[in-house]
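Coordinates for the following, if possible.
(2 chains)
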Amino acid sequence: MAGSAGRATALQWRRFRFPQSLIGHGAWIAVLAFLAFSVDHLEIPLERIPDMLGRMWQVLASRYYPPDLAYILDRDYLDYVVETIQMAYLGALFGLLLSVLLGWFGSFNMTPSRRFVYPVARLFTMGFRAVHEMIWAILFVSILGFGMLPGVLALTFFCAGFAGKLFAEEIEAIDMGPVEAMRAAGANLFQTVVFGVFPQVRVAFTGISIYTWDVAFRAATVVGFVGAGGMGWYLKRAVLQIETERVAAIILSIVALVIVSEIVSAYARDRVMRMK
Amino acid sequence: MSTFRQAAATADVAWRSRAADQVLDSRRRRRYRVSTFVMVLVVLVVWSVQVTIIDDTDWERMGSLQSVLAAAGEFLAVDWALFPSLAGPAVETLMIACLGTLLGVVICVPAAWFGALNITPYKPVTYPLARLMMTLSRSIHEIVWALFFVAVVGLGPLAGIFAIAVRSVGFIAKMSAEAIEDIDHGPVEAIRAVGGNGFQVMLYAILPQVLPQVLGVIIFEWEINIRRSAILGLVGAGGLGLVFFRQLNTFNFAGVTAVIIAILALILLGEVLSYFARKAVI
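From the prediction side, this is the model:
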């Protein structure tokens, strides 16, 4: 009797057996230890954080309020807003044109050559994605000088990486039946893509394109910070002059514009999806 | 087109001819709509190119194509001697990303709780509040957030951590709230039936259901946060971005390339780690 009772307790069910449980707990402990070490290494004054949060409201109330609304309703500033929108529009457009190619060449099922073109396209997509849009902007500004052209190019690269990956994933998910039918009927590579692939991904591509424009606009509001044109330049100037009330007004205008563009893009994507 | 109409006419059925007219009309209207749309797009492109590229560029400063290529060529060299001194800032960047993600996750808990329609405590107030938090967090660029926090807490990694935390709240909270809205209500009712309070319902019925999905989202955001923390040095938050800016300001273009390579290596490391972490979670 005693033996069977002992066995019943010994037969406790566990989700993970010995080696996995050790690895699992070890990984958690390692992550926590790393986080604790980082707090120490970065010399973060933990005891001052509550104080800082209190000060945050004070700073907001005393320096950033009230926002200088007259400044952002100025004619010059509104011109810059329009230019920012144009920059985002062009950057997204060029980026999307590039990313259609990247998506085609970088999709495993439709790429012209799996050996050579596929890895190159994947590498370019990854490279465009991995480098932050601000770094692209800085690089183009130092090569081409100040102005909106570097901003357009930075957004082009950013959008090409962003949309290229999504396009490639979309193409990889298509039904291969029509493509094989086209091939069997003797269509060449170009015809297969135009008549076999494109009709299947048209709606998804439109949705992704609208979303890309939205993301590009969000990036366009700040690339000017490094001299690439648009509203970011105003922001930088106000920051350097420590005109905090103007900074507050500019940030407010950015938030308002981004929210508007988000609503517009959500509405447009919804329309496109329903047309399907 | 006309054969279609003739056929309808010879059939001599009034409604059939009317139907044909309707089809043709709708086709014509559709063609007008599409061509107007394309025309508007093209006009916008021309106008934008005129304003942003042709008028605004300082062509004289840029010079010939050769001088542009020469300027770009300066970035092709790599200052290999810089790499040993990049290890410290790279680790710092990684730490800022990790701590920022952690703090973001902490802020996310109330945001996801308030923002999920099925468990939000008081719908008319808490739901819009959470949605506002998410939209604000996502719509403001990390550079702007960092500027704000540098003004509040001073230069240094803490400003970067706050900026990244606040910036990542939007995405994580949105995805988590959507995951919570999709849960199976059986376990929730079971915990309620045995007398569990609200906290216990959350801990034992909701959290286990959404945890794998939420962890996946957190890992994804962490990967993006490495990318973000690498540039926050531009506004004084330390890490690789600071070295990047310093190299650029001293016109050491080979050093700039070296920093970019270090950033890419760090991102690659993050991608490998997140691959294993995601495999362990799912």
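
give the contact list for residue B:169.
The neighbourhood of residue B:169, defined by Cβ atoms under 8 Å, 6 or more residues apart in numbering or on different chains, consists of B:104, B:107-108, B:111, B:133-134, B:137. Any C-beta I mention is one placed from the backbone N, CA and C, and that applies to glycine too.

What of residue A:234?
Residue A:234 neighbours (Cβ under 8 Å, 6+ apart): A:77, A:80, A:224, A:250.

try residue B:242
B:89, B:233-234, B:236.

gap between it and residue B:90?
Residue B:242 sits 12 Å away from residue B:90, taking Cβ to Cβ, to the nearest Å as the criterion.

do the same with residue B:269
9 Å.

Looking at the two, which one has more neighbours?
residue B:90 (20 against 13; other Cβ atoms under 10 Å in any protein chain shown).

Next one: that one from residue A:254, what distance?
31 Å.

the domain parsing of the chain - what is it?
Here I'm looking at chain A. The record's domain parsing of chain A by automatic domain parsing lists A:2-63, A:69-275.

wrong one, I was asking about chain B
With automatic domain parsing as the reference, chain B has domains B:2-57, B:80-281.

Deepest-packed of the domains of chain A, please.
domain A:69-275 (a mean of 20; mean count of other Cβ atoms under 10 Å in any protein chain shown).

re earlier: identify whichever of the domains of chain B lies nearest to residue A:53.
domain B:80-281 (9.0 Å; Cβ to Cβ).

and stretch B:214-228, C-alpha only, in PDB?
What follows is stretch B:214-228 as a C-alpha-only set of coordinates in PDB (Å, rounded to 0.1, in the frame of the first residue of the first chain):
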ATOM      1  CA  VAL B 214       2.300  37.600 -27.800                       C
ATOM      2  CA  LEU B 215       5.800  36.300 -27.300                       C
ATOM      3  CA  GLY B 216       6.200  36.000 -31.100                       C
ATOM      4  CA  VAL B 217       5.100  39.600 -31.500                       C
ATOM      5  CA  ILE B 218       7.500  40.700 -28.700                       C
ATOM      6  CA  ILE B 219      10.400  38.900 -30.400                       C
ATOM      7  CA  PHE B 220       9.500  40.500 -33.700                       C
ATOM      8  CA  GLU B 221       9.400  44.000 -32.200                       C
ATOM      9  CA  TRP B 222      12.700  43.300 -30.400                       C
ATOM     10  CA  GLU B 223      14.300  42.700 -33.700                       C
ATOM     11  CA  ILE B 224      13.000  46.000 -35.000                       C
ATOM     12  CA  ASN B 225      14.100  47.700 -31.900                       C
ATOM     13  CA  ILE B 226      17.700  46.800 -32.500                       C
ATOM     14  CA  ARG B 227      17.400  48.600 -35.800                       C
ATOM     15  CA  ARG B 228      15.900  51.600 -34.000                       C
END
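
which residues are in contact with that stretch?
A:130, A:132, B:93-94, B:97-98, B:100-101, B:104-105, B:142, B:164, B:167-168, B:171-172, B:175-176, B:179, B:263, B:266-267, B:270-271, B:274, B:277-278, B:281-282.

if I look at the nearest residue to residue A:207 once chain neighbours are set aside, how far off is chain B?
With Cβ to Cβ, 6 or more residues apart in numbering or on different chains as the criterion, residue A:207 has its nearest non-adjacent residue at 4.9 Å, and that residue is residue A:269. For residue A:269, the distance to chain B (Cβ to the nearest Cβ, to the nearest Å) stands at 16 Å.

tell me which element residue A:269 falls in.
helix A:244-275 (DSSP states H and E).

which helices and strands does that helix pack with?
helix A:69-72, helix A:75-105, helix A:198-223, helix A:231-240, helix B:123-139, helix B:142-153 (3 or more Cβ pairs under 8 Å, 6 or more residues apart in numbering or on different chains; DSSP states H and E).

Tell me which of the ones you listed approaches residue A:174 most closely.
Nearest of the helices and strands packed on helix A:244-275 to residue A:174, taken as Cβ to Cβ: helix A:198-223 at 4.6 Å.

got the angle between the closest one and helix A:231-240?
20 degrees (axes from the mean of the first three to the mean of the last three Cα atoms, to 10 degrees).

Residue B:174: neighbour count?
Residues near residue B:174, counting by other Cβ under 10 Å: 21.

Let me see the ranges of the strands in the stretch 51-200 of chain B.
Counting by DSSP state E, counting those that start in this stretch, no segments of the stretch 51-200 of chain B form strands.
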